[in-house]
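In: missing the sequence, but the structure's below:
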């Protein structure tokens with residue numbers, strides 16, 4: 001599916017990026033955002049970003065985003081059970 005929206009040339013100029021680079025960065029930013037919120041898996045986030053899972057993990061590292069989400073409350077409950 002294709003999704004189209006308008007971006008002012010001023011935005012691309014301010015970001016010093018080409019339209020293709022902007023699309024790649026936007027896809028990656030959305031994928032990281034949704035992954036951080038727990039809305040998509042690493043695999044789905046990589047698909048959104050248009051990269052393989054290894055490249056997505058490397059992007060998470062570059063952006064200093066934890067690659068693995070830990071629910072500490074859930075972990076404490078599991079540890080308390082023994």
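Out: The structure has been received and is ready for your questions. In this text the structure is predicted, and so the values were computed from the model without any measurement.

In: Enumerate every residue touching residue 32.
Out: 45, 49, 59, 60, 63, 65 (CB atoms under 8 Å, 6 or more residues apart in numbering). C-beta here means a position set from N, CA and C on the backbone, and glycine is covered the same way.

In: Looks like the first one contacts residue 37 (just checking).
Out: No - the pair residue 45 and residue 37 does not pass the contact test of CB atoms under 8 Å, sitting 10.4 Å apart.

In: Show me which of those two is the more surrounded one.
Out: Higher neighbour count among residue 45 and residue 37: residue 45, with 25 against 9, using other CB atoms under 10 Å.

In: so how far is residue 21 from the residue most central in space within the chain?
Out: Most central in the chain under CA atoms, centre = their mean is residue 32, positioned 1.5 Å from the mean C-alpha point. According to CB to CB, to the nearest Å, residue 32 stands 16 Å off from residue 21.

In: Next, give phi and psi for residue 50.
Out: Taking degrees, to the nearest 10, you get phi 80, psi 30 for the backbone angles of residue 50.
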